[in-house]
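Undergrad: Sequence first, then the predicted structure, then my questions.
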Amino acid sequence: MASKEDQKVLIFDTEEELSISLAEYTAKLSNKITSHGATFTVVLSGGTLIDSLRKLVGSPYVDSVDWAKWHVFWVDERVVPKDHPDSNYKLALDGFLSKVPIPADQVYAINDTLPPEGAADDYEACLKYLVRTGILNVSATSGFPIFDLMLLGMGPDGHIASLFPGHPLLNEKERWVTYIKDSPKPPPQRITFTFPVINASANIFLVVNGAELADAVKKALGHDHNNSESGALLPVQRVSLENGEFTWFADKDATSKLEIK
Ligand SMILES: O=C1O[C@H](COP(=O)(O)O)[C@@H](O)[C@H](O)[C@H]1O
């Protein structure tokens, strides 16, 4: 294990070991929260993260989790129909949600009949409704919603959610959910949580595996401080949790350019 200030970095020899540990950590956190009767609010990303959750839907973890307490959200979504191959909802449904008994009304997909602006407004309104009904808490400090767990992936350019390097959305300070129409990674139209919402999270598990992520991982976790001006930071480096825990789940290939001190 390595560490970076307030971030814990778990490194695994193989992606198989990573996915077992991710299942263990997720099940343990879920049980810690739901054993007191509380709901467990979980945010998913798209991409390779969903495949890394495969151990959680198998024995022994699948039977240890109180799925009825889960409420599931998306950190970002492509503005496409829910049955489109680019849909993060479809990816999660096929690879994860269809295998566990989470009540359907606790799975919060975007309204795919709306354009990006409308879909972002609609999703933000949904989150605000869930605050009013007590499903989501808000931070007393920032006023942004607190999710129990965000399960995130990262692109080779260091993007998380649909927050891409150099994009003005990185500086959004007011909105909970916003939209992008010029995503550098297709498809171009998406909605995304903003950094204030990501930073209000109680826990983030960030999954990075594969050699194509090694440069971004080196930049994010290495000891090179030449890029410390905020304009030069990768999106993943802009995560700064108000009061939460940030754990990296990395395989050896993704950390191959990192000097562990
Ligand atoms: O476009 C997206 O990319 C990121 C990273 O995906 P990966 O395939 O490189 O793991 C993902 O986290 C995000 O949810 C997705 O919309």
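TA: Looks like it came in fine. Numbers count the residues shown, from 1 in each chain.
Undergrad: Return the residues of the protein in contact with the ligand.
TA: Taking C-beta under 6 Å from any ligand atom, the part of the chain that reaches the ligand is made up of 45-49, 76, 88, 152-155, 162, 185. Any C-beta I mention is one placed from the backbone N, CA and C, and that applies to glycine too.
Undergrad: tally of neighbours for whichever residue of the stretch 51-200 of the chain sits closest to the ligand?
TA: Nearest residue of the stretch 51-200 of the chain to the ligand (C-beta to the nearest ligand atom) works out as residue 153 at 3.5 Å. Per other C-beta atoms under 10 Å, the neighbour tally for residue 153 reads 22.
Undergrad: Equivalent analysis for residue 54, please.
TA: By the measure other C-beta under 10 Å, the count of residues near residue 54 is 16.
Undergrad: Look at it and report its pLDDT.
TA: Residue 54 carries a pLDDT value of 98.
Undergrad: Grab the nearest non-local neighbour of it.
TA: Leaving out its chain neighbours, the residue that sits closest to residue 54 by C-beta to C-beta, 6 or more residues apart in numbering is residue 19, at 6.1 Å.
Undergrad: Can you give me the separation between that neighbour and residue 51?
TA: Distance of residue 19 to residue 51, given as C-beta to C-beta, to the nearest Å: 8 Å.
Undergrad: same check, this time on residue 127
TA: Distance of residue 127 to residue 51, given as C-beta to C-beta: 27 Å.
Undergrad: just curious, which of the residues of the chain next to the ligand is nearest to residue 37?
TA: residue 152 (27.0 Å; C-beta to C-beta).
Undergrad: The closest one: which element?
TA: Here residue 152 sits within strand 149-153, counting by DSSP states H and E.
Undergrad: what are the ranges of the helices in the protein?
TA: 15-34, 49-52, 88-95, 116-132, 195-199, 214-221 (DSSP state H).
Undergrad: what's the residue nearest to residue 126 when sequence neighbours are not counted in contact with, if anything?
TA: Nearest residue to residue 126 in three dimensions, chain neighbours excluded: residue 108, at 6.0 Å (C-beta to C-beta, 6+ apart). The contact partners of residue 108, by C-beta atoms under 8 Å, 6 or more residues apart in numbering, come to 71-74, 123, 126, 130.
Undergrad: between those, which is nearest residue 147?
TA: Distances from the contacts of residue 108 to residue 147 were compared by C-beta to C-beta; the smallest belongs to residue 73, at 6.9 Å.
Undergrad: give me the number of residues near that closest one?
TA: Residues near residue 73, counting by other C-beta under 10 Å, number 24.
Undergrad: Residue 259 now?
TA: With other C-beta under 10 Å as criterion, residue 259 counts 10.
Undergrad: I'd say the residue nearest to residue 54 and residue 50 touch.
TA: No - counting by C-beta atoms under 8 Å, residue 19 does not reach residue 50; the two are 10.9 Å apart.
Undergrad: And the most centrally placed residue in the chain, how close does it get to residue 97?
TA: The centroid of the chain falls nearest to residue 152 when counting by C-alpha atoms, centre = their mean (2.9 Å). Residue 152 sits at a distance of 17 Å from residue 97 (criterion: C-beta to C-beta).
Undergrad: now the helices of the chain as TSV including mean neighbour count?
TA: Shown next, in TSV, are those (neighbours: other C-beta atoms under 10 Å):
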stretch	mean neighbour count
helix 15-34	18
helix 49-52	21
helix 88-95	20
helix 116-132	17
helix 195-199	22
helix 214-221	21
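Undergrad: Nearest to residue 59 among those helices would be which one?
TA: helix 15-34 (10.4 Å).
Undergrad: counting contacts, what elements does that closest one pack onto?
TA: strand 7-12, strand 40-44, helix 49-52, strand 149-153, strand 203-208, strand 245-251 (3 or more C-beta pairs under 8 Å, 6 or more residues apart in numbering; DSSP states H and E).
Undergrad: any idea of the angle the second one forms with helix 88-95?
TA: Following axes from the mean of the first three to the mean of the last three C-alpha atoms, to 10 degrees, one obtains 110 degrees for the angle between strand 40-44 and helix 88-95.
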